[in-house]
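> Following is a predicted model, sequence given first.
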Amino acid sequence: MIAEKILKLKSELPANVTLVAVSKTKPVEDILQAYQAGQRVFGENKVQEMCDKYEALPKDIQWHLIGHLQTNKVKYMAPFVSLIHAVDSLKLLQEINKEAKKNNRVIDCLLQFHIAQEDTKFGLDFDEATEILKSESYFEMENVRIAGVMGMASFTDNTEQVEDEFRTLYNYFHIIKSHHFKFNPEFREISMGMSGDYQIAIAEGSTMIRVGSSIFGGR
């Protein structure tokens, strides 16, 4: 069933949209089923769980850390993580840069924005993000690459609100691109949309969706 769901979902996605299969709490066997159907990008929200799965699974998998990240956990995944979605402070970016340097790597990151009307979600506001990108500390970083933005919409049945929140993130992306990454093709990702709202997100310009329950079933 997992393979069928992956293939169906991928067949419906525009060519420019990457599917991140959210495999948090799911066993290695389930991930292998998705892998055998051709899926190579998986998202986890806990560093330890991601490290365990990295050890157990094929090495051509791209692991994305999609959950809130504490600075003291960065070192464990720095050798292999492919993309960190939830960078929400300069301090965290500095730590990622430090650990990436130790591993002789450049780690791709997304700036997480708080676009929802819920206080429980993490993320930067526009001014905070701009402050990071203008800081001397950021200019000196050689081992991180800001590849785009990420955000989570409110958990609501109000479609117009969700559209509006995704549109806000899309606009942030383009303002930041024009001000800070105008000639940088690597700044290109808008990670927004999950199982319940990814179709709205794609319509609003998402390039990367994070889908778990629609593939693996509920927890």
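Yes, it's here.
> Show me what the top helix by length along the chain is packed up against.
Secondary structure assigned by DSSP state H gives helix 159-180 as the longest helix of the chain. Here helix 159-180 touches strand 107-113, helix 126-134, strand 144-151, strand 189-191, helix 198-203, going by 3 or more Cβ pairs under 8 Å, 6 or more residues apart in numbering; DSSP states H and E. Where C-beta positions appear, they are placed from N, C-alpha and C, glycine not excepted.
> As CSV, the ones you listed with mean pLDDT would be great.
Below are the helices and strands packed on helix 159-180 laid out as CSV (pLDDT from 0 to 100):
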stretch, mean pLDDT
strand 107-113, 98
helix 126-134, 97
strand 144-151, 98
strand 189-191, 98
helix 198-203, 98
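> Let me have those in CSV, extended by distance to Asn171.
CSV is the format used below for these (distance: least, Cβ to Cβ, whole Å):
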stretch, distance to Asn171
strand 107-113, 10
helix 126-134, 9
strand 144-151, 10
strand 189-191, 10
helix 198-203, 14
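> could I get these as JSON lines with distance to Lys73 and mean neighbour count?
JSON lines is the format used below for the helices and strands packed on helix 159-180 (distance: least, Cβ to Cβ, whole Å; neighbours: other Cβ atoms under 10 Å):
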{"stretch": "strand 107-113", "distance to Lys73": "14", "mean neighbour count": "24"}
{"stretch": "helix 126-134", "distance to Lys73": "20", "mean neighbour count": "16"}
{"stretch": "strand 144-151", "distance to Lys73": "16", "mean neighbour count": "24"}
{"stretch": "strand 189-191", "distance to Lys73": "20", "mean neighbour count": "24"}
{"stretch": "helix 198-203", "distance to Lys73": "27", "mean neighbour count": "18"}
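> closest one to Lys53 among the ones you listed?
When the helices and strands packed on helix 159-180 are compared by Cβ to Cβ, strand 107-113 sits nearest Lys53, at 18.2 Å.
> What distance do you get for the spatially most central residue of the chain to Ala129?
With distances taken as Cα atoms, centre = their mean, His85 lies nearest the centre of the chain, 3.1 Å away. Shown here: His85 relative to Ala129, a distance of 14 Å by Cβ to Cβ, to the nearest Å.
> Based on its surroundings, how many neighbours for the spatially closest residue to Pro79 that is not a sequence neighbour?
Spatial nearest neighbour of Pro79, chain neighbours left out: Asn103 (5.0 Å); criterion: Cβ to Cβ, 6 or more residues apart in numbering. Asn103 has 15 neighbours, counted by other Cβ atoms under 10 Å.
> about what we covered before: mind listing what's buried along the longest helix of the chain?
Residues Val162, Glu163, Glu165, Phe166, Thr168, Leu169, Tyr170, Tyr172, Phe173, Ile176, His180 are the ones in helix 159-180 that count as buried (16 or more other Cβ atoms under 10 Å).
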